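Student: Fold the stuff below for me.
(chains A and B)
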Amino acid sequence: MASKTIRRMISIGLLLIMVIIFSISSDVFLNFGNIANLLKDSAYLGLIAIGMAFVIIGGGVDLSAGGMACLVGILCVRMSTMGLNGFLIVLAGVILGMLCGFINALFVTRVKLTEFVATLALGFVYSGLTLIFAFRDDRGTITSVAIPKWSSLRAFAGNVGGIFYITIVWIVVAVIAYIVLTRTTFGLHTYSIGSHAKSAQMSGVNNDRIKMLGYIICGACVGLAVVLQASLLGSSPLNIGSGYEFQAIAACVVGGVVLGGGKGDPISALVGALFFKTLMNGLYKFGLATSWEYILQGGIIVVATVFDAVFNRATSKRLLARAQ
Amino acid sequence: MEDRTDKTYEGAGGAENGNQNDTVNTEANDGVFLEAKGIYKQFSGVTVLEDADFSVNCGEVHALMGENGAGKSTLIKIITGVYTKDAGELYVEGKSVEIHNRQDARNLGIQVIYQELSLIPALTVTENIFLGAETAKHGWMDKKAMRERVQSLIEHYGFDLDPDAVVDTMGMAKRQMAEILKALAFKAKLIIMDEPTSSLSAAESEKLFETIDGLRNRGAGILYISHRLDEVYRLSDRLTVMRDGKIVGVLKKGEIDPHTVTTMMIGRDVAGDEDKGATKRYEDHWLEVKNLSYSHMLKDVNFTAYGGEILGIGGLVGSGRTELIRCIYGAAKRSGGTIMLDGKPVSRSIRRNIRNGFGYVPEDRHAEGLVPLLNVEKNITIASYDKLSSASLVNRRKEIAWADKAIKDYDIRPPMRTLAAGSLSGGNQQKTILGRWLSRDLRLLLLDEPTVGVDVGVKMDLYRLLREFADNGAIVVMVSSDLAELVYLSDRVLVMRDGRFFEEFTRGNITQESLLLAASGVHTEEGMSL
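Tutor: Down below sits the predicted model:
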């Protein structure tokens, strides 16, 4: 069996074990309402994680995703107060995200900053812009403004038979992303630059173009995620995206997208996001304090990374032995 | 080829004979340092080492040769404690020993100089040597003591090294010296070198050989692993040849000749391999380079290569040969001159050139050729998505068929599409990269050191593939440091020196001696015989 498949089965297996444990130990975990809510919560993080997966697989990282989400979120709420059609706002959110991604990519490919520095810096810029675009009262104090009741953006908070739109969008995006990464030339080039940029370039891969597309796709996912989340929340709090860049990276890592590039896929990111949110949801039912949530998250990242290192070493040993 | 090869080795050996007579002094420290008896090793049911008897003396350069997979690395890894043997005995200086890990080996005085050097580039020679074993005085590093220790080692062994030089400012040869010095600092009695010259130029290699001669004279045992017969011939007192996990034989100096060694290594006679007649030239397909220059590395280079022809580019490392083909491919941006293929100008973009039927096998496959995490299939198809996809959607069935065909055509082993390319042996990695290009309808193939680190058997396969490929009408331009390779394969050889063409040789006049002389700046006189 391919090591990829084994890794996938392990993360899904752990997820299932967790679900079983929570279902047995808590009578409020396994009911339709809770699961639908869990999937809704996972979808916001999950969408960002899918975007993040494109960048990480290509050998990069996008630390601006959180700031970007805040900025796009506030701009979308502003558009809704101006009476723009909901569909157009969602579209605008995606386009704004793509624009941010494009700017990230420009700093990486043209200014030649390292991806870490470029996206870190731009993340701050996006956060700053969020404050500039934030709603203020007469005295200039930042206030929270809700999406107007009459705005058609609110319609995106709906559900089909209890499953929220955002969940459906998430799954659809994951499947499309999976196909794009595994079946298109762009996808395969993404893996190759993440695995070994120089060799890829010598084989005719346009590294800069692939990097740029990766960031733009990441931006699109972030934009889509935040506009749907804002619609669900009825507003876009200033911290709507804060910390989500790291949570998304964490989801990728836990799902099997290796930092440094070349390994994993969007389904890994999907499973990773689901894993985290399920854990939090289940533990919440146990009444665990928030502090423990963070500590557990940290612990899981460490365990997942150590596991991957050991697992990859074991796999390559196995392959080598077979090759000999 | 047999004939020509013999001549070089005699030539190369002859040049060094004077040197060696002065230095070889094995009698003085004649003693067996390491002895292995009946070593046996299995990996998941496959026997990789069988009944291996082997020994290295003090004050001896002992070469170890064998094709990839012959068991050389396994043997070395057992000696150095990376693997543990399944059966057999190891003796160091007559005493039976068990080596469980690297530390055990180090404590017994066995040190390895790795192909990929282990020095930290940002630190000085002294800091590197004492890394992890710093001499401290009351918790403070005693820099002075460390420096003095290194200085005295340098003087003792007569190395040309500065203890305060920062490693990343040093050339590869000096780095290797520092690496050796590090081994010596830890009282190494047996130094194992694995392909030490693979990243050195000819002059640097010669320096290394002198260093090795010096170590031998001071009683150190050297175990020298190499694919290069000329080096082994130049250096070794004894040579052990391995094949299929067994020791095939041990040759003493004087018994070592290329033909015997090659035959022992591949287990059959290679003499019949090299009947080459005149090759057909396709005049309607040509690559024309005019007044090509590239910063200070290339000056006014002019040549024309034709379809059906293998054009060899000789010269020393740094003579501009690598830059020349990188400029043609678009990997380096030429600063002047024109390059035309069939009368049409050649682009400066790699992608456009690939679409026009260019292929490039880089000098360092790890740095620029292989995508190690991706599997063999993707490594082959990566340059051919123009043919394997429509509207940027990849046709999986076509892709798999394409890769399977290449694996079969170019005999990539093990023949597994899904194996990570990084886990293949060097020779098969090279076949994979070659397969990437040959599976396309190439018009021009550019090769830089196509057989570095590749064993003899695979080398012959590669030569056959390249010859067939050229015979089908493609242009092949091949840079190589391997003189035997240039002689064997090229229809013409252009020798470069200081960024210019120095001399041209055509089939019939190409000999290793004349190539070597031209590379070092001596024109071969008409009718001069060597």
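
Student: got the buried residues for the helix or strand harbouring A:Ala174?
Tutor: Element membership of A:Ala174 [criterion: DSSP states H and E] is helix A:165-183. Burial within helix A:165-183, assessed by neighbour count using 16 or more other CB atoms under 10 Å in any protein chain shown, is assigned to A:Tyr165, A:Ile166, A:Thr167, A:Val169, A:Trp170, A:Val173, A:Ala174, A:Ala177, A:Tyr178, A:Val180, A:Leu181, A:Arg183. (Each C-beta comes from the backbone N, C-alpha and C, glycine too.)

Student: What average pLDDT does it get?
Tutor: Averaging pLDDT along helix A:165-183 gives 95.

Student: what does the stretch 251-400 of chain B have sitting close to chain A?
Tutor: Contact residues (CB under 8 Å from any CB of the partner chain) of the stretch 251-400 of chain B with chain A: B:331, B:350-351, B:354-355, B:360, B:362, B:367-374, B:378, B:381-383, B:385, B:389, B:392-394, B:396.

Student: Give the buried subset of the residues you listed as a ChimeraX selection command.
Tutor: Filtering those down to the buried ones (16+ other CB under 10 Å) takes a single ChimeraX command:
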select /B:331,350,351,354,360,362,368,369,370,371,372,373,374,378,381,382,383,385,389,394
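
Student: Give me the subset of the residues of the stretch 251-400 of chain B next to chain A lying in helices.
Tutor: Mapping these onto helices (DSSP state H) picks out B:Ile350, B:Arg351, B:Ile354, B:Arg355, B:Lys378, B:Thr381, B:Tyr385, B:Arg396.

Student: Skipping adjacent residues, who's closest to the first one in space?
Tutor: Beyond its immediate neighbours in the sequence, the residue positioned closest to B:Ile350 (CB to CB, 6 or more residues apart in numbering or on different chains) is B:Gly330, lying 4.3 Å away.

Student: same deal with the third one?
Tutor: Here the nearest residue to B:Ile354 in space, its sequence neighbours aside, is A:Gly204; by CB to CB, 6+ apart that works out to 4.0 Å.

Student: re earlier: how close does the residue nearest to B:Ile350 get to B:Asn356?
Tutor: 10 Å (CB to CB, to the nearest Å).

Student: out of these two, which sits in the busier spot?
Tutor: Applying other CB atoms under 10 Å in any protein chain shown to B:Gly330 and B:Asn356 shows that B:Gly330 carries more neighbours, namely 22 against 16.

Student: ok, the more buried one - contacts?
Tutor: Counting by CB atoms under 8 Å, 6 or more residues apart in numbering or on different chains, B:Gly330 makes contact with B:Val346, B:Ser347, B:Arg348, B:Ser349, B:Ile350, B:Arg352, B:Asn353, B:Phe358.

Student: for the stretch 151-300 of chain A, what spans make up the strands?
Tutor: Under the criterion DSSP state E, counting those that start in this stretch, the stretch 151-300 of chain A contains strands at A:159-160, A:163-164.

Student: and the last one, how far from the chain's centre?
Tutor: When you say that, I think you mean strand A:163-164. 19 Å (CA atoms, centre = their mean, to the nearest Å).

Student: got a list of contacts for that strand?
Tutor: Outside strand A:163-164, the residues that touch it by CB under 8 Å, 6+ apart are A:Ala36, A:Leu39, A:Lys40, A:Ala43, A:Ala157, A:Gly158, A:Leu232.

Student: Now the buried members of the residues you listed.
Tutor: A:Ala36, A:Leu39, A:Lys40, A:Ala43, A:Ala157, A:Leu232.

Student: ok, the residues you listed vs chain B, which is closest?
Tutor: Taking CB to the nearest CB as the measure, chain B lies nearest A:Ala43 of the buried ones among the contacts of strand A:163-164, at 26.9 Å.

Student: Next one: B:Gly254 from B:Arg238, what distance?
Tutor: Using CB to CB, B:Gly254 is found at 10 Å from B:Arg238.

Student: neighbour count winner among those two?
Tutor: Neighbours per residue (other CB under 10 Å) separate B:Gly254 from B:Arg238, with B:Arg238 holding more: 19 against 7.

Student: residue contacts, that one?
Tutor: B:Arg238 makes contact with B:Asn57, B:Glu60, B:His62, B:Ala63, B:Val250, B:Leu251, B:Lys252, B:Lys253 under the criterion CB under 8 Å, 6+ apart.

Student: what are the phi and psi angles of it?
Tutor: Backbone torsions of B:Arg238, given as degrees, to the nearest 10, read phi -140, psi 160.

Student: Could I get the pLDDT score of the residue of the stretch 151-300 of chain B found nearest chain A?
Tutor: With CB to the nearest CB, the shortest gap between the stretch 151-300 of chain B and chain A falls at B:Gly245, namely 10.0 Å. B:Gly245 carries a pLDDT value of 86.

Student: if I pick the residue nearest to it when sequence neighbours are not counted, what's in contact with it?
Tutor: Of all residues not flanking B:Gly245 in the chain, B:Gly71 sits nearest, at 4.2 Å (CB to CB, 6+ apart). Going by CB under 8 Å, 6+ apart, B:Gly71 touches B:Val48, B:Leu49, B:Ala52, B:Met242, B:Asp244, B:Gly245, B:Lys246.

Student: Rebuild those residues as CSV, extending it with secondary structure and neighbour count.
Tutor: Listed next are the contacts of B:Gly71 as CSV, based on DSSP: H, G, I helix; E, B strand; the rest coil; neighbours: other CB atoms under 10 Å in any protein chain shown:
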residue, secondary structure, neighbour count
B:Val48, strand, 20
B:Leu49, strand, 28
B:Ala52, strand, 22
B:Met242, strand, 24
B:Asp244, coil, 15
B:Gly245, coil, 23
B:Lys246, strand, 17
